[in-house]
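Student: give me the fold of what follows.
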Amino acid sequence: MSPPWTFKKYEDEIFMQEGLFGTDGRHLDNPTLGYGTGGILKGKQYMISSTWNAPLEAFTLSGEFFNGTGIDTIFMPVHKAFQFLGWLDSQASLS
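Tutor: Numbers count the residues shown, from 1 in each chain. Have a look, this model is predicted:
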C-alpha cells in the first residue's frame with residue numbers, strides 16, 4: 001500500500017541530487033519553524049495517476065478498509081516529498 005520500489009529508487013536517485021531541493025526551509029533566527037518550505041521548484045505542479053481494485057467508498061466511508069481517510073492520505077508520503085521540493089499537487093489539496 002505504498003509506492004513501488006522503483007518509484008522510491010527514482011526519488012533517491014533524482015530528488016537527492018545537489019541543488020534540486022535548496023534548503024530544508026528553517027531559518028537561523030528560529031530553527032524550529034519553516035521545515036519543508038525551502039524547495040526551489042515553486043510554482044510547479046504534479047499529478048498522481050493510480051489504479052486501485054477498490055471502490056471509492058473503500059477510501060471515503062468510515063468503517064470501510066481505509067476508514068474514511070480518503071485517497072490523498074494514502075499518498076501523503078508522496079505529497080510531502082513533492083512539497084519539500086516546492087511543488088504543489090494539481091488540486092492544491094495540501095497547505
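
Student: quick one: the helices in the chain?
Tutor: Using DSSP state H, the helices of the chain run over 5-10, 57-60, 71-74, 76-85.

Student: okay, those helices in TSV with mean neighbour count and mean pLDDT next?
Tutor: All C-beta spots, glycine's among them, are computed from the backbone N, C-alpha and C. Below are the helices of the chain laid out as TSV (neighbours: other CB atoms under 10 Å; pLDDT from 0 to 100):
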stretch	mean neighbour count	mean pLDDT
helix 5-10	11	86
helix 57-60	15	94
helix 71-74	15	87
helix 76-85	17	86
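
Student: right, and the ones you listed - which one's nearest Ser50?
Tutor: helix 71-74 (8.0 Å; CB to CB).

Student: center of the chain - which residue?
Tutor: Residue closest to the average C-alpha location in the chain (CA atoms, centre = their mean): His79, at 1.1 Å.

Student: distance of it from Ile71?
Tutor: Here the criterion is CB to CB, to the nearest Å. By it, His79 lies 11 Å from Ile71.

Student: same thing with Lys80?
Tutor: 15 Å.

Student: for Tyr35, same thing?
Tutor: The value you get for Tyr35 to Ile71, if CB to CB is used, is 25 Å.

Student: so Gly25 sits against Ile40, correct?
Tutor: No. Gly25 is beyond contact range of Ile40, at 10.6 Å (criterion: CB atoms under 8 Å).

Student: check contacts around Pro3.
Tutor: Residues in contact with Pro3 (CB atoms under 8 Å, 6 or more residues apart in numbering) are Pro77, Val78.

Student: now stretch 26-38 - C-alpha only, PDB.
Tutor: Provided in PDB are the C-alpha atoms of stretch 26-38 (Å, rounded to 0.1, in the frame of the first residue of the first chain):
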ATOM      1  CA  ARG A  26      14.300  26.500   8.500                       C
ATOM      2  CA  HIS A  27      15.900  29.900   9.500                       C
ATOM      3  CA  LEU A  28      18.700  30.700  11.800                       C
ATOM      4  CA  ASP A  29      16.600  33.100  13.900                       C
ATOM      5  CA  ASN A  30      14.100  30.300  14.700                       C
ATOM      6  CA  PRO A  31      15.200  26.800  13.500                       C
ATOM      7  CA  THR A  32      12.100  25.100  14.900                       C
ATOM      8  CA  LEU A  33       9.800  26.700  12.300                       C
ATOM      9  CA  GLY A  34       9.600  26.500   8.500                       C
ATOM     10  CA  TYR A  35      10.800  22.900   7.900                       C
ATOM     11  CA  GLY A  36       9.900  21.700   4.500                       C
ATOM     12  CA  THR A  37       9.500  25.100   2.900                       C
ATOM     13  CA  GLY A  38      12.900  25.600   1.300                       C
END
